[in-house]
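>>> I'll drop the sequence and a predicted model, then ask my questions.
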Amino acid sequence: MAITSQEITENIGATVTQGLVTGKLKTKLSGPTTDLVITTESGDAFVTTTDILIGSTTVVLANINTATDTTKVIKAEVVRLTGSSCFDCAIGQTTNGGKGATSCNFCNAGRYGIGCKLCEIGTFGELTTNAPLSCRGCPSGFASNIKGAGLCSMCLPGRYQNIAGQSSCKKCLKERYRPEEKDILYFTLDIASQTVEENAGVAVSQNEWTLDITSQDITESAGVVVSQNEWMLAFSVQDIKESAGVIVTQGSATGTLKTALIGTSASVVITAAADNIFETTADLVMGDIEWTLTIASLYITESASVLVTQGSGSELVTGTLKTTLTGDTTSIVIKAVVGATFIATADLIIGSTTVALASITTFSQTKSATTITSASINTATHSISSMGTLQSALTGATTNIVVTGAVGTFSRRW
């Protein structure tokens, strides 16, 4: 199957599906891929008109160029073997010295060739799924001083070997040393010119997360901080009814309720900025309070959530309109933070509409916030704490976000 180049990393034998057709990946894929070979049951056929799933990787139909049956048809005939003789094991196979065998097995690690001979000193033979025809020389930095080695040994600290296929390592010469060996990969990164002052040996990390989201209009510059923080508080069972997204406060810590509570509850999950800390030693307050005022009939057209204010300066009280008003109105419900108090003796401004105090008949608090006392809170756990930077600018409808330099783990539970 020929495809438009795509990064694919999948192992031999990975399941390949397309609709109801299934097969197995014949060769390992580990990078840019333009063709793949699939083994299937006789009669199954892959096509270019449907997405194909390789392990956990999807190749969309638009990227599938050709799908060709490359099965080689070989003329076959059944030959009945008589009991007049036995057959030699193939090269790289053995009966392991046993008699009466009905088949041969591949050579064990450290063996090869006819009769599965031992690998020579300075060489090794790994256990494979194919008949081993030869052994490989130890690479530089390794050695083997025994016959039949399955692996070579790395030179110990203070020793080295710069020639492949050797039986031992050499001591470092005078005024030279070799510390404990570690597996190290060296990468060279070309970057735009930037002043960097760091000591050799400091940690260098590169982490990237891609978050797929429901389409949303977002305008943010590349490099802004992206954080994801959640706190889970467990408490004694209580009957709580609060909507997702309401404000949750505890002292100076502020967040929002992640999921709605609609009855018996024993825990809450709070999303908050990175600098907020929730604990078990202070009361937790969830949700808004509500004030309801009755007025002389007044024609008002204002949308839900518009700003509602009363008073000014140090006596300014604010809230938001709970429900949209679209005509003659005699009752208004205002949502406000805990501690806000509206009165019937001052003008009220709803969006761009002023309700004169002479029109206000009554004002009363009709809903209180939910309070969970500190005595009821059992645990406060920082369940998610992640931070990074936005890789590229977002300028409108957005369905995925790439976060770089991430510390922690970003979760779909955001």
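Sure thing, it's come through.

>>> pLDDT below threshold where in the stretch 1-150 of the chain?
Where the stretch 1-150 of the chain drops to pLDDT under 70, the residues are 42-43, 71-82.

>>> cool, and the stretch 301-414 of the chain?
Residues of the stretch 301-414 of the chain that meet the criterion pLDDT under 70 lie in 405-414.

>>> Which parts of it are strands?
Under the criterion DSSP state E, counting those that start in this stretch, strands of the stretch 301-414 of the chain are mapped to 307-310, 317-321, 325-336, 348-350, 353-355, 360-367, 370-372, 377-390, 394-407.

>>> Ok, which of the ones you listed comes nearest S140?
Nearest of the strands of the stretch 301-414 of the chain to S140, taken as C-beta to C-beta: strand 394-407 at 36.4 Å. Quick note: C-beta positions are derived from backbone N, CA and C, even for glycine.

>>> Sheet partners, orientation included, of that closest one?
Using DSSP bridges, the strands paired with strand 394-407 are strand 208-220 (antiparallel), strand 377-390 (antiparallel).

>>> Same list, those strands, but as JSON lines with distance to A273 and mean neighbour count please.
Shown next, in JSON lines, are those (distance: least, C-beta to C-beta, whole Å; neighbours: other C-beta atoms under 10 Å):
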{"stretch": "strand 208-220", "distance to A273": "16", "mean neighbour count": "11"}
{"stretch": "strand 377-390", "distance to A273": "10", "mean neighbour count": "16"}
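
>>> could you dump those strands to JSON lines with distance to T50?
Listed next are the strands paired with strand 394-407 as JSON lines, based on distance: least, C-beta to C-beta, whole Å:
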{"stretch": "strand 208-220", "distance to T50": "22"}
{"stretch": "strand 377-390", "distance to T50": "35"}
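
>>> Point out the one among those strands that comes closest to G148.
Comparing the strands paired with strand 394-407 by C-beta to C-beta, strand 208-220 comes nearest, at 45.1 Å.

>>> Give me the residue ranges of the stretch 151-300 of the chain where confidence is low.
The model of the stretch 151-300 of the chain has pLDDT under 70 over residues 181-187, 203, 205-206.

>>> which residues of it fall in strands?
Per DSSP E, counting those that start in this stretch, the stretch 151-300 of the chain carries strands over the ranges 153-154, 159-160, 170-171, 208-220, 225-242, 247-250, 253-257, 261-272, 284-286, 289-302.

>>> list the contacts for A282?
250-251, 374 (C-beta atoms under 8 Å, 6 or more residues apart in numbering).

>>> quick one on the thing from earlier: quick one: closest of the strands of the stretch 301-414 of the chain to N229.
Closest approach to N229 among those (C-beta to C-beta): strand 377-390, 5.5 Å.

>>> Run a quick neighbour tally on S168.
Neighbours of S168 under the rule other C-beta atoms under 10 Å: 13.

>>> Find the nearest non-adjacent residue to it, please.
Nearest residue to S168, sequence neighbours excluded (C-beta to C-beta, 6 or more residues apart in numbering): A143, at 5.2 Å.

>>> next one: A101
Excluding its sequence neighbours, the residue lying closest to A101 (C-beta to C-beta, 6+ apart) is T95, at 4.0 Å.

>>> just to revisit the earlier point, JSON lines please, covering the strands of the stretch 301-414 of the chain and showing distance to E126.
Shown next, in JSON lines, are the strands of the stretch 301-414 of the chain (distance: least, C-beta to C-beta, whole Å):
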{"stretch": "strand 307-310", "distance to E126": "72"}
{"stretch": "strand 317-321", "distance to E126": "70"}
{"stretch": "strand 325-336", "distance to E126": "69"}
{"stretch": "strand 348-350", "distance to E126": "78"}
{"stretch": "strand 353-355", "distance to E126": "81"}
{"stretch": "strand 360-367", "distance to E126": "72"}
{"stretch": "strand 370-372", "distance to E126": "61"}
{"stretch": "strand 377-390", "distance to E126": "40"}
{"stretch": "strand 394-407", "distance to E126": "37"}
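
>>> quick one, which of those is nearest to M154?
strand 394-407 (33.1 Å).

>>> Render the CA-only coordinates of that closest one in CSV, please.
C-alpha atoms of strand 394-407 as CSV (Å, rounded to 0.1, in the frame of the first residue of the first chain):
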residue,chain,number,x,y,z
LEU,A,394,-3.9,31.1,18.3
THR,A,395,-6.1,33.5,16.3
GLY,A,396,-9.7,32.2,16.1
ALA,A,397,-11.5,28.9,15.9
THR,A,398,-9.2,26.4,17.6
THR,A,399,-9.4,22.6,17.9
ASN,A,400,-6.0,21.7,19.2
ILE,A,401,-3.4,23.4,21.4
VAL,A,402,0.4,22.5,21.5
VAL,A,403,2.1,23.1,24.9
THR,A,404,5.9,23.0,25.0
GLY,A,405,8.4,22.9,27.9
ALA,A,406,5.7,21.2,29.9
VAL,A,407,6.3,20.4,33.5
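
>>> so which of the strands of the stretch 151-300 of the chain comes closest to I52?
Set against I52 and scored by C-beta to C-beta, the strands of the stretch 151-300 of the chain come closest in strand 208-220, at 20.5 Å.

>>> returning to that earlier point: looking at the strands of the stretch 301-414 of the chain, which is nearest to S236?
It is, among the strands of the stretch 301-414 of the chain and with distance given as C-beta to C-beta, strand 377-390, at 7.2 Å.

>>> can you state the direction angle for the closest one and strand 261-272?
Per axes from the mean of the first three to the mean of the last three C-alpha atoms, to 10 degrees, the angle that strand 377-390 makes with strand 261-272 is 50 degrees.

>>> Now do strand 377-390: distance to the chain's middle.
The chain centre lies 16 Å from the centre of strand 377-390; the measure is C-alpha atoms, centre = their mean, to the nearest Å.
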